[in-house]
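**Student:** Have a look; sequence and predicted model below, questions after that.
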Amino acid sequence: MMRKKLLICIFAIAAFGTNMFGQEGNVSLKFDARADYNYVKIKDAEDQAGFYGRNLNLMLDGKINSTFEYHLRQRLNVPIGSIGGLLDATDWAYLIYHINDNFSLSAGKQVVAIGGFEYDYAPIDGYFLSAFCNNIPCYELGLSLGFKDNSGKHSLQFQISNSPFITTAFDNMYSYNLLWNGNFDFFKTLYSVNMIEYKKGSYINYIALGNRFEIDNLSLELDYTNRYHGNQDNFFDDFSIVAQLKYSINNSWNLFVKGGYDQNKAQEASTPLDRRWDVCVAPGTNYTFGGAGFEFFPLKDKKDIRIHGYVASSDVEPTEFTFNLGLTWKMQVLNK
């Protein structure tokens, strides 16, 4: 059944893309995939290890004309409707209308506009994550108004979407998001303020500050995400900090170290599920993690094939450490 759905999806998109050729725009069809070997050392228990296919994505991007463009990313390794909705396997499917050189409108399933560079990575490019990024749903149906300055270095996005914490399409819960993407050459930002409905009529607020510093072959990403509910006693009781340092030896090799800390002292650990304010990081959490790894790109002047490896650990028992080795490849099927 999954294979049949996969074929139907591919043929439908191919037919759609072919129809686009008759218009003044262009179309790009790509696949990317990732497979890993994962070994987990577990204290006082049998270790877990094995090969597994992590990602298989189809991406369709194109311009209908100078005013309209569209974007789609479909996970082909996730059954359609597996969670309960037709778009469960669709990361995004949205249309952009360019009002002029500075303003645009977009509608459809989109990335929920939350700041931070760890959050901004595509799932296929993620290795080991904070508790917050491991648990936050990233994609929802919504509307966005975008602004880009004349230099193209700074943009603002105001978005109204379904809450990432809805359980059905008609929960009537929403998320209100404002995201700033800034570029000061050596310093880049992904800052957001968010008001997200986690249950009907109740909101949690985020301030997410993503910072990236780039000097020659060295980059440092430093994210701080504060989560606040109006009934909290202390504004800083619920937050996450993540840092990643990456060094590019040359066009083929990257080395990186990463670590982070998640805390939620806003409520007692015994708080019942239906009374928790933070759905992503459980009350009582004190989670520290870290690790180091490499990325190798064997094709000269291309990033289409990537081999990665890392070792990571955290203070959550019974896991002692994780070793991961993986292969990612990207295939440009169509570009016209």
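**Tutor:** Happy to help now that I have it. As the structure is a computational prediction, the values presented were derived from the model and not from experiment.

**Student:** Any idea which helix or strand in this protein has the lowest mean pLDDT?
**Tutor:** Least confident helix or strand, the chain: helix 2-20 with a mean of 54, by mean pLDDT, DSSP states H and E.

**Student:** which is the next helix or strand following that helix?
**Tutor:** Later in the chain than helix 2-20, the nearest helix or strand by DSSP states H and E is strand 26-42.

**Student:** Show me what that following strand pairs with in its sheet, parallel or antiparallel.
**Tutor:** For strand 26-42, the pairing partners within the sheet under DSSP bridges are strand 48-63 (antiparallel), strand 319-335 (antiparallel).

**Student:** Using TSV, lay out those together with distance to Asn226 and mean pLDDT.
**Tutor:** C-betas here are computed from N, CA, C, even on glycine. Converted to TSV, the strands paired with strand 26-42 look like this (distance: least, C-beta to C-beta, whole Å; pLDDT from 0 to 100):
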stretch	distance to Asn226	mean pLDDT
strand 48-63	30	93
strand 319-335	27	93
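
**Student:** Out of those strands, which gets nearest to Gly290?
**Tutor:** Nearest to Gly290 among those is strand 319-335 (10.3 Å), distances taken as C-beta to C-beta.

**Student:** what does that closest one contact?
**Tutor:** Strand 319-335 has contacts (C-beta atoms under 8 Å, 6 or more residues apart in numbering) with 17, 26-43, 54-55, 124-125, 127-128, 291, 293, 303-313.

**Student:** Mean neighbour count and distance to Ile96 added to the strands paired with strand 26-42, as CSV?
**Tutor:** Shown next, in CSV, are the strands paired with strand 26-42 (neighbours: other C-beta atoms under 10 Å; distance: least, C-beta to C-beta, whole Å):
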stretch, mean neighbour count, distance to Ile96
strand 48-63, 16, 9
strand 319-335, 15, 19
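
**Student:** Make a markdown table from the ones you listed and add distance to Ala266 to it.
**Tutor:** Shown next, in a markdown table, are the strands paired with strand 26-42 (distance: least, C-beta to C-beta, whole Å):
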| stretch | distance to Ala266 |
| --- | --- |
| strand 48-63 | 33 |
| strand 319-335 | 26 |
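
**Student:** any weak-confidence spans in this structure?
**Tutor:** 1-25, 81-86 (pLDDT under 70).

**Student:** Now do the SS call for Ile124.
**Tutor:** The three-state assignment at Ile124 reads helix, by DSSP: H, G, I helix; E, B strand; the rest coil.

**Student:** what residues are up against it?
**Tutor:** The neighbours of Ile124, taking C-beta under 8 Å, 6+ apart as the test, are 32, 34, 54-55, 57, 328.

**Student:** Now a PyMOL select for only the buried ones of the contacts of strand 319-335.
**Tutor:** Applied in PyMOL, the following selects the buried portion of the contacts of strand 319-335 according to 16 or more other C-beta atoms under 10 Å:
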select buried, resi 17+26+27+28+29+30+31+32+33+34+36+40+54+55+124+127+128+291+293+306+308+309+310+312+313
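
**Student:** So for Asn183, which of the strands paired with strand 26-42 sits nearest?
**Tutor:** The closest of these to Asn183 is strand 48-63. By C-beta to C-beta, the value is 21.7 Å.

**Student:** chain center to the one helix or strand Ser240 maps to: distance?
**Tutor:** Assigned by DSSP H and E, Ser240 falls within strand 238-248. Strand 238-248 sits 15 Å away from the centroid of its parent chain (C-alpha atoms, centre = their mean, to the nearest Å).

**Student:** Dump it to PDB, restricted to CA.
**Tutor:** Extracted C-alpha coordinates of strand 238-248, given in PDB (Å, rounded to 0.1, in the frame of the first residue of the first chain):
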ATOM      1  CA  ASP A 238      11.600  27.400  31.500                       C
ATOM      2  CA  PHE A 239      14.300  27.700  28.700                       C
ATOM      3  CA  SER A 240      16.700  26.000  26.400                       C
ATOM      4  CA  ILE A 241      20.300  27.000  25.400                       C
ATOM      5  CA  VAL A 242      22.100  25.300  22.500                       C
ATOM      6  CA  ALA A 243      25.600  26.100  21.100                       C
ATOM      7  CA  GLN A 244      27.300  24.600  18.100                       C
ATOM      8  CA  LEU A 245      30.800  25.300  16.900                       C
ATOM      9  CA  LYS A 246      31.700  24.200  13.400                       C
ATOM     10  CA  TYR A 247      35.100  24.400  11.600                       C
ATOM     11  CA  SER A 248      35.400  23.900   7.800                       C
END
